[in-house]
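In: Please find the sequence and the predicted model below.
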Number of protein chains: 2
Amino acid sequence: MNKEKQMKLEASGWKIGSVDEFLELSQAETEFIELKLSLSQNLKERRQSLRLTQKDLARMIHSSQSRVAKMEAGDPAVSIDLLVKSLFALKTSKKEVAGMLPH
Amino acid sequence: MNKEKQMKLEASGWKIGSVDEFLELSQAETEFIELKLSLSQNLKERRQSLRLTQKDLARMIHSSQSRVAKMEAGDPAVSIDLLVKSLFALKTSKKEVAGMLPH
DNA sequence: TGAATATATGTCGAAATTGACATTTTTTCA
DNA sequence: TGAAAAAATGTCAATTTCGACATATATTCA
């Protein structure tokens, strides 16, 4: 069975392969979490290398110091949107952001 | 004036360089919007090439057809988080996602 | 040291995003 | 064609994320 057909089947519901679907969702969720953590770490490193305080960055993105702290701590209740906005505010290039994705 | 010092100054408030700060925020926002649109387009292409309906994808990410439609339409009221989750659900590799960053 | 600065943590109402639903419009294809 | 399937659009209550604030803890450095 090729991947396309397999995905089609899994998308069709819980009838067959519920275990597989569970495993795949876990995989997607794992990658999602890893991505957020990578963005978090890179944001912290970048801010520090620019010698900006969390308060400084907060002002730049019109947010608060506590939210920046949570971003850098990898708090689950912080969106990728805010992380990416912060990175762009620090003039991170798209290429650099891309480099934060793979392993 | 080097970039580090410039950013530090800008972060300190609206006293000096408010025009510059405005322009830079616009630049960051532009890149952010471009990124979302790129993810949207790639998601649509990917789903279609896998011959999945919006309903299929919606089931896979535990969402709804209308939300998938909005994702693919580049609706501003859709988060990058949901876009990335959707791409990962379609087994998009991190390297492929990295390639979706414009330029 | 210890005072000043920076960061971490918890909470809260407000704002944004969500899934779901109804409906309309478009596309597919027999 | 035209009926069925797919996609687009609008709305809304529920959930999530938000900025802000208070305060605790950690770090810096004179």
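Out: All right, it came through fine. Numbering: from 1, shown residues only, chains lettered A, B, ... in the order given.

In: how about low-confidence regions in chain A?
Out: A:1-21, A:23-25, A:102-103 (pLDDT under 70).

In: Would you map the helices across it?
Out: A:3-11, A:18-49, A:54-60, A:65-72, A:80-89, A:94-99 (DSSP state H).

In: Buried residues in the third one, which are they?
Out: By 16 or more other CB atoms under 10 Å in any protein chain shown, the buried positions in helix A:54-60 come out as A:54, A:56, A:57, A:58, A:59, A:60. For every residue, glycine as well, the C-beta is placed using N, CA and C.

In: Now distance to DNA strand D too, for the residues you listed, in CSV please.
Out: Output for those, formatted as CSV (distance: CB to the nearest atom of the strand, whole Å):
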residue, distance to DNA strand D
A:54, 11
A:56, 13
A:57, 11
A:58, 7
A:59, 8
A:60, 11
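
In: tell me the two of those that are most distant?
Out: A:54 and A:60 (10.7 Å; CB to CB).

In: closest one to residue B:50 among the helices of chain A?
Out: Taking those one by one with CB to CB, helix A:3-11 is closest: 5.6 Å.

In: I'd like to know which residues of chain A are adjacent to DNA strand D.
Out: With CB under 7 Å from any atom of the strand as the criterion, chain A meets DNA strand D at residues A:58, A:61-67, A:76-79, A:81-82.

In: What about DNA strand C: which of the residues you listed touch it?
Out: Restricting the residues of chain A next to DNA strand D to those near DNA strand C by CB under 7 Å from any atom of the strand leaves A:65, A:66, A:81.

In: Compare these and tell me which has the most neighbours.
Out: The member of these surrounded by the most neighbours (other CB atoms under 10 Å in any protein chain shown) is residue A:81, with 17 neighbours in all.

In: Give me the nearest residue to that one, chain neighbours excluded.
Out: Computed as CB to CB, 6 or more residues apart in numbering or on different chains, the closest residue to residue A:81 that is not its neighbour in sequence is residue B:80, at 4.9 Å.

In: Which residues are in contact with that neighbour?
Out: A:79, A:80, A:81, A:84, B:35, B:36, B:39 (CB atoms under 8 Å, 6 or more residues apart in numbering or on different chains).
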